[in-house]
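J.: The sequence isn't on hand, but the structure is:
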């Protein structure tokens with residue numbers, strides 16, 4: 001009886017407060033044919049990308065007759081994927097699930113991540129027990145809860161205790177020894193001086209990739225095994241998408257020994273999961289170093305060309321399930337001078353589309369919301385190199401604005417970034433034109449393009465609102481003239 005009362009009157013409020021990741025699953029309609037689940041590698045883009053859509057959207061281009069949706073949770077891993085996939089409702093028609101297989105998620109840093117406590121807390125109410133029992137578990141903090149210092153100690157303990165097992169002689173026996181040795185020796189400039197930035201990056205590569213997966217003890221193996229078991233029970237086709245790593249940079253900074261670790265882990269994972277009937281897409285070495293967005297860290301964040309390579313490889317693997325539905329997309333560039341975003345579709349030249357909301361809109365269902373620690377609206381990002389010279393004179397900018405209160409800070413920002421040069425920025429307060437609250441009004445501005453930025457690498461147009469007062473933007477239009 002108590003469980004019934006809790007589930008009927010209180011459970012949903014607690015879900016939204018403590019486990020709002022459930023909404024990632026609820027946003028996927030029951031008519032989905034394919035679900036792509038992953039972390040930030042799916043949605044990351046580079047500012048100069050002409051098409052900023054996620055990997056999952058590019059996959060969809062090859063199968064326009066299929067309903068392909070994504071579940072994306074930054075910093076997530078297979079354990080979180082398993083919990084989210086278990087929440088897919090019985091009404092779902094999904095037949096294929098594509099799961100991101102991130103090599104780094106098997107390392108000590110990710111397994112004992114400082115984000116792990118919050119991630120595990122977010123899944124407690126989604127466990128396969130009665131809702132009231134889950135609420136008790138949450139109240140008594142019955143989940144993996146540790147401080148950041150404790151997580152750091154776990155990482156260093158694993159780095160120290162996991163001894164390298166190599167078929168050749170190597171002077172270091174564990175990560176700590178190798179990291180310390182390289183930090184001391186350093187990466188040298190041509191004149192013999194130590195390059196501290198490259199040395200630090202090389203050490204990041206060692207700590208990120210110098211590990212050997214044990215299928216018995218590594219918790220990620222069990223997480224993926226649980227996903228395989230679930231897929232068999234639900235009758236899903238299962239695809240594991242092994243993400244590309246910057247092996248060019250790893251070899252350049254650290255050398256062949258680190259590549260050995262990476263390749264051996266790749267072989268182990270592809271063989272292990274293939275033997276269990278999973279289709280494994282191996283992208284490990286397919287993306288060139290210049291397509292990695294983060295050049296000072298180890299991530300799987302790719303520019304447009306890189307995301308398209310991953311998508312093509314996955315699309316090819318899906319032919320075994322949907323051979324008669326595959327089509328070759330046309331990615332030919334067209335010269336464009338008018339850009340419009342009503343925030344209802346996954347518009348390919350706008351970044352920060354995660355700000356879209358259906359709370360309020362001028363043209364339903366969505367608008368872009370700023371405020372309350374969400375400082376930036378969806379942002380137009382485009383290289384002026386792709387605009388015809390005859391249309392680089394001015395930009396007519398217009399959009400709809402709704403303010404929840406008088407806001408003297410929210411501004412339209414026009415910003416031009418150029419490599420090795422100062423950033424150009426034009427700022428106009430919205431209150432220069434918007435006078436009413438809780439009412440959709442027009443904001444219009446003609447920006448005369450200065451000669452100094454006509455060859456800029458990247459033009460950005462967005463709303464900046466670093467306040468707790470909400471501002472909604474809709475029907476954003478730019479025309480180059």
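T.: Arrived safely, thanks for sending. Just so we're clear, the structure is a prediction, and the values are computed from it rather than from any experiment.
J.: Tell me which stretches of the stretch 301-450 of the chain form helices.
T.: Ranges of helices in the stretch 301-450 of the chain, per DSSP state H, counting those that start in this stretch, are 304-317, 319-322.
J.: most packed of the ones you listed?
T.: helix 304-317 (a mean of 21; mean count of other Cβ atoms under 10 Å). Placement of C-beta: from N, CA and C, glycine included.
J.: Point out the other helices and strands that that helix packs with.
T.: helix 55-62, strand 237-242, strand 279-282 (3 or more Cβ pairs under 8 Å, 6 or more residues apart in numbering; DSSP states H and E).
J.: what's next to it, contact-wise?
T.: For helix 304-317, contacts defined as Cβ atoms under 8 Å, 6 or more residues apart in numbering pick out 45-46, 49-56, 58-59, 61-63, 98, 239, 241, 243-244, 279, 281-283, 286-288, 291-292, 302, 326, 331.
J.: With stretch 159-166 instead?
T.: Against stretch 159-166 from outside (Cβ under 8 Å, 6+ apart): 108, 170, 172-176, 179, 207, 210-212, 257, 260.
J.: neighbour-wise, which of those residues leads?
T.: With neighbours taken as other Cβ atoms under 10 Å, the top of those is residue 175, carrying 27 neighbours.
J.: ok, that one - contacts?
T.: 108, 159, 160, 162, 206, 207, 210, 211 are the contacts of residue 175 under Cβ under 8 Å, 6+ apart.
J.: same thing with residue 340?
T.: Contacts of residue 340 (Cβ under 8 Å, 6+ apart): 475, 476, 477, 478.
J.: One more pass at 6 Å, please.
T.: Contacts here follow Cβ atoms under 6 Å, 6 or more residues apart in numbering; on that basis residue 340 touches residue 477.
J.: and the gap between it and residue 387?
T.: For residue 340, the distance to residue 387 equals 16 Å [Cβ to Cβ, to the nearest Å].
J.: and what of residue 26?
T.: Distance from residue 26 to residue 387, by Cβ to Cβ: 40 Å.
J.: swap in residue 319?
T.: 38 Å.
J.: Among the contacts of stretch 159-166, which one sits closest to residue 365?
T.: Proximity of the contacts of stretch 159-166 to residue 365 (Cβ to Cβ) peaks at residue 108, which lies at 43.5 Å.
J.: what's the distance between the closest residue to that closest one other than its chain neighbours and residue 272?
T.: With sequence-adjacent residues excluded and distances taken as Cβ to Cβ, 6 or more residues apart in numbering, residue 108 is closest to residue 158, at 4.0 Å. Using Cβ to Cβ, residue 158 is found at 21 Å from residue 272.
J.: how does the protein divide up, domain by domain?
T.: 2-149+212-325, 338-480 (automatic domain parsing).
J.: what are the ranges of the helices in the stretch 51-200 of the chain?
T.: 55-62, 78-85, 108-111, 116-121, 131-139, 148-161, 175-185, 196-209.
J.: Let me know the next secondary structure element after the last one.
T.: Meaning helix 196-209. For helix 196-209, the following helix or strand on the C-terminal side (DSSP states H and E) is helix 219-234.
J.: From the rest of the structure, what touches that next one?
T.: The contact list for helix 219-234 (Cβ under 6 Å, 6+ apart) reads 78, 79, 82, 105, 106, 215, 238, 276.
J.: Can you go through the residues you listed and name the buried ones?
T.: 78, 79, 82, 105, 106, 238 (16 or more other Cβ atoms under 10 Å).
J.: Tell me, what's the model's pLDDT at the second one?
T.: Pointing back at residue 79 there. Model confidence at residue 79, expressed as pLDDT, equals 98.
J.: Skipping its backbone neighbours, what lies nearest it in space?
T.: Nearest one to residue 79, counting by Cβ to Cβ, 6+ apart, is residue 223 at 4.4 Å.
J.: Then the fourth one?
T.: Nearest residue to residue 105, sequence neighbours excluded (Cβ to Cβ, 6+ apart): residue 77, at 4.4 Å.
J.: From what I see, residue 179 and residue 205 are in contact.
T.: No - using Cβ atoms under 6 Å, residue 179 and residue 205 do not qualify as a contacting pair, with a distance of 9.8 Å.
J.: now for the domains of the chain, which one comes closest to residue 200?
T.: The minimum distance between residue 200 and these falls on domain 2-149+212-325, with 8.4 Å, by Cβ to Cβ.
J.: Count the residues that sit near residue 464.
T.: Count around residue 464 with other Cβ under 10 Å applied: 19.
J.: can you check residue 29 too?
T.: Using other Cβ under 10 Å: residue 29 sits among 11 other residues.
J.: distance of it from residue 69?
T.: 7 Å.
J.: Repeat that for residue 458.
T.: From residue 458 to residue 69 the distance is 30 Å (Cβ to Cβ).
J.: can you check residue 45 too?
T.: For residue 45 relative to residue 69 (Cβ to Cβ), the value is 19 Å.
J.: quick one: which of those two has more around it?
T.: Taking neighbours as other Cβ under 10 Å, residue 45 and residue 69 compare with residue 45 leading, 22 against 18.
J.: In three-state terms, how would the more buried one be classified?
T.: Per DSSP: H, G, I helix; E, B strand; the rest coil, the secondary structure class of residue 45 is coil.
J.: where does the closest residue to it other than its chain neighbours land on pLDDT?
T.: Nearest residue to residue 45, sequence neighbours excluded (Cβ to Cβ, 6+ apart): residue 52, at 4.0 Å. Each residue has a pLDDT score; the one for residue 52 is 90.
J.: got the phi/psi numbers for residue 52?
T.: Phi and psi for residue 52, reported as degrees, to the nearest 10, are phi -100, psi 10.
J.: Does it touch residue 43 like I think?
T.: No - checked against Cβ under 6 Å, the pair residue 52 and residue 43 is beyond contact range at 9.0 Å.
J.: Between those two, which has more neighbouring residues?
T.: residue 52 (26 against 21).
J.: Tell me where the model's unsure across the stretch 1-150 of the chain.
T.: Within the stretch 1-150 of the chain, not a single segment meets pLDDT under 70.
J.: actually the stretch 201-350 of the chain, not the one I wrote
T.: 346-347.
J.: Relative to residue 181, how far out is residue 3?
T.: 57 Å.
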